[in-house]
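Participant: here is a sequence with its predicted model. Questions after.
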Amino acid sequence: MNGNIVQAILYLTYVLQILIFVRIVLSWLPLGPNPVSEFVIRLTDLILSPLRRVLPKFGMFDLAPMIALLIIVVVQRVLQGAA
């Protein structure tokens, strides 16, 4: 695979990791709807919504962000090996 493409995908995965962490932190804060949180939710829902459909429910715990971060780390490791 072209090195530039791999680097671009790696950068996107790092940004996605940061956005998921931001979403986790935002979920702990008593903020109302605002443009920043809505932007983060829209971007991270692309990954988290499909995971929520297949993951079993664990009470009020949402495991989708943790599983998404784990998947992202695996993808990063595979891409780093390909670079």
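Facilitator: Yep, it's here. Note that the coordinates shown come from a computational prediction; the quantities given were computed from them, not determined experimentally.

Participant: name the nearest residue to residue 68, sequence neighbours excluded.
Facilitator: residue 47 (4.9 Å; Cβ to Cβ, 6 or more residues apart in numbering). Placement of C-beta: from N, CA and C, glycine included.

Participant: my read: the one you found touches residue 20, true?
Facilitator: Yes. If you go by Cβ atoms under 8 Å, residue 47 and residue 20 touch, sitting 7.5 Å apart.

Participant: joint contacts of those two?
Facilitator: Each of residue 68 lies in contact with both residue 47 and residue 20 under the rule Cβ atoms under 8 Å, 6 or more residues apart in numbering.

Participant: and the biggest helix by length in the chain, what does it pack against?
Facilitator: Counting residues, the longest helix in the chain under DSSP state H turns out to be helix 3-28. Contacts defined by 3 or more Cβ pairs under 8 Å, 6 or more residues apart in numbering; DSSP states H and E place helix 3-28 against helix 35-54, helix 64-82.

Participant: contacts for the longest one, please.
Facilitator: If you take Cβ under 8 Å, 6+ apart as the criterion, helix 35-54 is touched by 16, 19-20, 22-23, 26, 31, 62, 64-65, 67-68.

Participant: same thing but at 10 Å, please
Facilitator: For helix 35-54, contacts defined as Cβ atoms under 10 Å, 6 or more residues apart in numbering pick out 15-16, 18-27, 29, 31, 33, 55, 62-69, 71-72.

Participant: could you give the angle of that helix to helix 3-28?
Facilitator: 100 degrees (axes from the mean of the first three to the mean of the last three Cα atoms, to 10 degrees).

Participant: how far away from the center of its chain is helix 35-54?
Facilitator: Put simply, helix 35-54 sits 8 Å off its chain's centre (Cα atoms, centre = their mean, to the nearest Å).
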